[in-house]
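>>> no sequence on this one, just coordinates:
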């Protein structure tokens with residue numbers, strides 16, 4: 001038997017909606033609220049379904065089980081019931097209709113109800129049968145259409161594919177949308193859908209009526225000024241010439257209208273936006289010009305935002321920003337921003353009343369010793385899709401990397417250009433030039449750069465020009481920016497400094513990084529998240545150690561912490577340098593010209609300083625589970641992190657395999673009003689990292705020397721007096737500190753746990 005459907009586009013949509021909801025009133029008539037004599041639905045199952053998941057099918061039935069908390073605890077949670085005399089015929093018919101709309105005409109649905117007079121377990125047993133397949137597909141009406149092949153590419157109803165009304169509707173939408181984005185504003189498709197259920201075949205014929213090809217005509221702009229203003233803050237000429245991205249004579253495109261609306265929204269200058277084409281209800285063969293109507297209601301152009309908060313490595317912080325959304329009435333944005341961090345810990349704001357919340361920073365005498373700040377002025381173009389959007393900034397700042405360095409920029413500037421490459425991806429290029437200095441941990445400079453005396457360290461920390469050219473690419477295809485459950489993210493950047501760009505010769509480098517993440521929902525509240533990070537640095541300063549050029553301290557790569565390898569504290573994965581105090585050192589005066597320092601048995605370092613490196617690899621595997629009782633408040637994470645940071649050495653083979661560390665763990669995430677707060681417990685099965693040990697004796701004057709010391713049993717490194725600019729100082733010969741020291745650690749389970757906390761997104 002052959003059945004034939006000839007449908008207009010609108011009648012097809014009406015038919016699909018009606019077929020999917022024809023029995024909705026019957027299904028929804030089942031009262032899920034529990035009253036006297038009703039039976040509670042404790043379980044709901046689907047068996048036999050292969051083409052569609054349980055979650056998809058559950059959306060098409062009214063029968064709903066009680067909430068998980070109710071089923072487990074029996075006290076709290078939502079209780080859902082069926083009336084004692086109710087049957088499941090409505091749900092059965094609803095499932096059959098859903099399958100039919102997807103091309104399964106033979107599907108049968110049976111029910112199995114188990115339980116007693118109070119509780120029910122309901123199972124829908126489904127036999128899907130064979131779906132309809134497209135026998136032939138005919139498309140007519142495109143002979144005179146420009147770009148006709150593009151309009152019908154990758155259709156779902158290709159010969160041999162499954163056929164159904166939902167798939168037919170999707171193809172009609174695709175063809176119509178592509179034509180209307182290619183100059184055919186009146187395009188529509190008339191389908192013919194002939195089925196032979198006995199042979200599981202369908203014949204599909206699509207007749208396309210493209211209508212006339214049109215261009216944009218006049219663009220009319222109506223602007224209602226902001227409250228209290230007599231005239232618009234952004235005039236209509238600016239809207240047309242700089243914001244819309246549409247010109248008179250451009251080929252008609254619905255996508256261009258959507259992009260224009262999005263650009264106007266991104267200005268944040270309007271509280272109401274309406275961009276529409278003045279289309280006739282019936283296509284006229286001579287109607288090849290379509291006017292555009294833009295209606296806007298302005299918001300106030302000036303805005304101030306402020307924020308006060310706390311973060312693990314920021315202590316207390318304050319952020320403020322002033323924004324002029326139409327600087328000089330040009331629709332350009334002027335942003336003045338300021339930021340203070342390390343408040344309560346860094347000088348001159350240190351106070352015990354606040355520092356109790358910042359005790360993590362007590363171990364950091366460089367990056368956290370003073371308040372970090374930034375002042376920034378940026379003038380930028382409104383972001384317009386498909387265009388290059390420039391920006392220029394002037395800034396001054398002081399910023400630090402925990403336990404590593406403090407970078408102070410007296411004055412800096414950046415010129416950048418950003419372009420939206422697609423709906424999901426953005427590219428950015430920038431050039432920055434700044435004059436400033438970097439203060440690094442003296443122990444780091446001594447152990448890694450072999451700069452252990454005052455003069456050589458002062459040279460590294462001198463104020464110098466630094467110019468950097470960079471390019472970055474970002475692609476984000478996720479369903480939620482803050483808590484993604486599916487999709488991908490990819491970010492990469494290349495940045496480099498050279499004398500040809502304006503940098504000092506000692507600050508040259510070339511650095512590349514990439515960061516990729518993948519999210520997949522295994523169940524409605526169970527997410528698998530994978531992340532991979534990698535980085536490499538080439539070049540470096542003219543100071544060499546063992547033939548290896550090293551990058552400037554502020555450009556070195558670091559890993560470890562709540563957003564990296566969670567079995568390690570922030571930045572402490574990889575090489576470490578240990579700074580010892582007098583209690584950990586034995587000194588021996590061999591004679592009047594020689595002193596030997598050695599490390600006491602079971603001595604502990606006063607501070608641990610991360611070295612970082614010029615190579616980095618980090619991989620994270622997360623299984624994220626929402627709490628069954630409080631799913632919108634709590635999330636649990638089972639994670640495994642693998643990573644390594646190291647400095648490549650000449651002639652070394654497979655350094656990454658030697659450096660990789662594996663740390664499993666668990667975490668809990670609380671979704672709070674200030675953002676997600678995550679507490680992680682990572683298990684680190686490794687012994688403490690072996691590194692260089694340094695001793696800084698208390699010596700009066702402006703400079704305290706650093707001495708390399710060796711553990712008991714290792715060859716000592718003698719200290720001798722030397723005349724330095726007319727002053728006698730006890731110094732060591734120019735040697736690289738041996739990496740032979742490791743702190744003692746009790747080999748117990750609890751000592752192998754690392755606790756980290758963070759506020760904000762993880763990755």
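Happy to help now that I have it. If you're wondering where the values come from, they're calculated on a predicted model, not measured in any experiment.

>>> how about stretch 82-93: buried residues?
Counting neighbours by 16 or more other CB atoms under 10 Å, one finds that the buried residues in stretch 82-93 are 82, 83, 86, 88, 90, 91, 92. From N, CA and C alone the C-beta is placed, and that goes for glycine too.

>>> Where helices are concerned, which of these count?
If you go by DSSP state H, the buried residues of stretch 82-93 have 90, 91, 92 in helices.

>>> For residue 121, state which of these is nearest.
Residue 121 lies nearest to residue 91 out of these, by CB to CB, at 14.8 Å.

>>> coming back round to it: make a markdown table out of the buried residues of stretch 82-93 and add distance to residue 639 and pLDDT.
Output for the buried residues of stretch 82-93, formatted as a markdown table (distance: CB to CB, whole Å; pLDDT from 0 to 100):
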| residue | distance to residue 639 | pLDDT |
| --- | --- | --- |
| 82 | 41 | 82 |
| 83 | 46 | 73 |
| 86 | 45 | 69 |
| 88 | 42 | 88 |
| 90 | 44 | 90 |
| 91 | 40 | 92 |
| 92 | 43 | 94 |
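
>>> Closest one of these to residue 560?
Nearest member of those to residue 560, counting by CB to CB, is residue 91, at 52.9 Å.

>>> ok, and the closest non-adjacent residue to the closest one?
Once flanking residues are discounted, residue 91 sits nearest to residue 61: 4.0 Å by CB to CB, 6 or more residues apart in numbering.

>>> so that neighbour makes contact with residue 124?
Yes. Applying CB atoms under 8 Å, one finds residue 61 in contact with residue 124, separated by 7.3 Å.

>>> got any residues that touch both of the two?
By CB atoms under 8 Å, 6 or more residues apart in numbering, residue 61 and residue 124 have these common neighbours: 91, 95.

>>> mind checking the end-to-end distance for stretch 235-246?
Distance across stretch 235-246, first residue to last, is 16 Å (CA to CA, to the nearest Å).

>>> list the buried ones in that stretch?
235, 238, 239, 240, 242, 243, 244, 245, 246.

>>> where's residue 383 relative to residue 390, distance?
Separation of residue 383 from residue 390 (CB to CB, to the nearest Å): 11 Å.

>>> Distance from stretch 318-331 to the middle of the chain?
In terms of CA atoms, centre = their mean, to the nearest Å, the centre of stretch 318-331 is found 26 Å from the chain centre.

>>> Tell me which residues touch the residue nearest to residue 91, please.
Shown in contact with residue 61 (CB under 8 Å, 6+ apart): 27, 91, 94, 95, 124.

>>> These, buried ones only, as a ChimeraX selection?
Typed into ChimeraX, the line below selects the buried ones among those, using 16+ other CB under 10 Å:
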select :27,91,94,95,124
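
>>> the longest helix in the chain is where?
The longest helix of the chain (DSSP H) is helix 165-180.

>>> so the next helix or strand after that one versus helix 165-180, what angle?
Downstream of helix 165-180, the first helix or strand assigned by DSSP states H and E is strand 188-196. Compare the direction of strand 188-196 with that of helix 165-180 by axes from the mean of the first three to the mean of the last three CA atoms, to 10 degrees and you get 160 degrees.

>>> Check which helices and strands strand 188-196 is in contact with.
strand 3-6, helix 9-21, helix 165-180, strand 201-209 (3 or more CB pairs under 8 Å, 6 or more residues apart in numbering; DSSP states H and E).

>>> what angle do it and strand 201-209 make?
Interaxial angle, strand 188-196 versus strand 201-209 (the same axes, to 10 degrees): 170 degrees.

>>> tell me which residues in strand 188-196 are buried?
Neighbour counts using 16+ other CB under 10 Å place 188, 189, 190, 191, 193, 194, 195 of strand 188-196 among the buried residues.

>>> In these, find the pair that's most separated.
Greatest spatial distance in these: 188 and 195, 22.7 Å, computed using CB to CB.

>>> So which residues of the stretch 151-300 of the chain form strands?
In the stretch 151-300 of the chain, the strands defined using DSSP state E, counting those that start in this stretch lie at 188-196, 201-209, 215-224, 270-277, 289-298.

>>> quick one: contacts for the nearest residue to residue 589 once chain neighbours are set aside?
Of all residues not flanking residue 589 in the chain, residue 595 sits nearest, at 5.6 Å (CB to CB, 6+ apart). Going by CB under 8 Å, 6+ apart, residue 595 touches 587, 588, 589, 718, 719, 720, 730.

>>> Can you convert those residues into CSV and add a column each for distance to residue 603?
CSV is the format used below for those (distance: CB to CB, whole Å):
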residue, distance to residue 603
587, 13
588, 16
589, 20
718, 20
719, 18
720, 24
730, 21
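
>>> out of those residues, which is most surrounded?
Counting neighbours by other CB atoms under 10 Å, residue 719 leads the contacts of residue 595 with 25 neighbours.

>>> Nearest residue to it in space, ignoring adjacent ones along the chain?
Among residues not flanking residue 719 along the chain, residue 595 sits closest, at 4.4 Å (CB to CB, 6+ apart).

>>> List the buried residues for the helix or strand hosting the one you found?
Here residue 595 is covered by strand 594-599, with elements defined by DSSP H and E. Neighbour counts over strand 594-599 (16+ other CB under 10 Å) mark 595, 596, 597, 598, 599 as buried.

>>> And those residues, which is closest to residue 489?
Nearest to residue 489, judged by CB to CB, of those is residue 599 at 45.9 Å.

>>> hang on, the closest one packs against residue 707?
No. Assessed by CB under 8 Å, residue 599 is found out of contact with residue 707, at 11.3 Å.
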